[in-house]
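S.K.: Quick one: sequence and predicted model below, then my questions.
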Amino acid sequence: MTQPTAQGPLAGINVVELGDGTSGPYAAKLFGDFGAEVIKVESPAGDSSRRRGPFPDGRPDPEASGLFMYLNTNKYGVVIDLDGKSGQAALHRLLDGADIFISNLPAKALDAAGLAPAALRQRFPRLIVTTISPFGPTGPWAERKGDELVTYAMGGMAYSTPGMPDAADDLIKEPPLHPACFVAETIAGVVAAEATMAALLGRGHTGEGCHVELSQQAAMASLQIRDVTNASYVGSHYNRLLNPITIGRMPNFYVPCKDGYVTVAAPMEIHWERLSQMMGDPDWARSELYATEIARTANWVTLRMKIVEWTMTLTGDELHALAEQSQLPIFPFYSIRKMANSDHSRERRTLVEVQIGGKAARMPAAPLKMRATPWSLRRPAPRLGEHSTAILKDGMAA
């Protein structure tokens, strides 16, 4: 293994990652971001995210994928062909000095490469083996294949999207939604990193490693607190339609404004009084149709249109500023570009400047800050097989 080159809360911890896509690489990245020495193992074909982009100027380049660059910063990179015994032996040598092994490859691929968790646990008793799979290694769905879309949908998240307070107006025209990012795989990566960290702390007491097995579907299902609670304790089922039963007290809406969308939430009487004042205390707000919580809920359709007439005269930031003064939960929806260019993001260095394919770019920094051991971008994502010769030492470079 490599000698520690970084300071951080996890300095001295050695991680071997045999991952592809987002979940496994992101889990390993979180360790690397805080000082662990992470060796990323790729096949000769390379991680599939190298081919996903986005790419500078839209020109495909496996060494300039924005997704790959983000997921694999602060790592070393080696290429090992696990189809042969020499490659498997090389990986075992890496594991001999490792504290953690993280993989999201299919169980059959791990078995074929001599990397079955049970076998690794027997050979390396102190090693923490973390595996991420679509549905976990047991149960009737254990052998099913799955990816981001499959586990997002089968974990319940897609059906619940859109959710309160936007919801759907028409179930046919507005089917379940998936955002333009790897939600299920990223959440699985975060949960895997947390569980692995807990296992690492546990090893400090027992001296023994363990197998951490994560179901990506279960990680998504764990986010469905509202729906699980309602189904368990009330016996109700979530209805995706925009209606008072699922949307709660009124007003509680996503509504358009002058330059985008905002949430307007004024569910309690004190909120409604403040909102009415913000809107200029219009006569309609004191009418029988809207003067009470019961009336506002019963007439929520026309109430929404009345509020839209007002919000369309102001920008999201103007509405947010007014709401801050009145202590109301009204907030705008930022595009990625607007968030990235905000003064807050710049001051906190939410994004950092990098070079991708010879061009300036920005990517997210670590999602949390530590004052004594701050995050740093120690090294960019590795080129395919960049550190093979230095780390493997026996000619295993691609």
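M.R.: That came through fine.
S.K.: Look up the closest residue to Gly260, ignoring the ones flanking it.
M.R.: Closest residue to Gly260 apart from its sequence neighbours, by CB to CB, 6 or more residues apart in numbering: Gly316 at 5.2 Å. From N, CA and C alone the C-beta is placed, and that goes for glycine too.
S.K.: tell me which element Thr229 falls in.
M.R.: Element membership of Thr229 [criterion: DSSP states H and E] is helix 225-229.
S.K.: Show me which residues of that helix are buried.
M.R.: By 16 or more other CB atoms under 10 Å, the buried positions in helix 225-229 come out as Asp227.
S.K.: avg pLDDT for it?
M.R.: What helix 225-229 shows for mean pLDDT is 74.
S.K.: Can you get me a residue count around the residue nearest to Gly260?
M.R.: By other CB atoms under 10 Å, the residues close to Gly316 number 22.
S.K.: how near is it to Arg379?
M.R.: Using CB to CB, to the nearest Å, Gly316 is found at 39 Å from Arg379.
S.K.: need the next SSE after the longest helix seen in the chain, C-terminal direction.
M.R.: With secondary structure taken from DSSP state H, the chain has its longest helix at helix 183-206. Downstream of helix 183-206, the first helix or strand assigned by DSSP H and E is strand 210-215.
S.K.: Let me know the angle separating that following strand from helix 183-206.
M.R.: 160 degrees (axes from the mean of the first three to the mean of the last three CA atoms, to 10 degrees).
S.K.: Please, where are all the helices along the stretch 151-300 of the chain?
M.R.: 183-206, 216-221, 225-229, 244-247, 269-278, 293-298, 300-311 (DSSP state H, counting those that start in this stretch).
S.K.: Could you do the stretch 1-150 of the chain as well?
M.R.: In the stretch 1-150 of the chain, the helices defined using DSSP H, counting those that start in this stretch lie at 23-33, 66-71, 85-96, 107-112, 117-123, 148-154.
S.K.: and the first one, what does it pack onto?
M.R.: Contact here means 3 or more CB pairs under 8 Å, 6 or more residues apart in numbering; DSSP states H and E; on that basis helix 23-33 packs against strand 14-18, strand 37-42, helix 66-71, strand 100-103, strand 128-133, helix 183-206.
S.K.: Burial-wise, tell me which of these comes out on top.
M.R.: strand 100-103 (a mean of 28; mean count of other CB atoms under 10 Å).
S.K.: How far off centre is stretch 270-280?
M.R.: Averaged C-alpha coordinates place stretch 270-280 at 36 Å from its chain's average position (CA atoms, centre = their mean, to the nearest Å).
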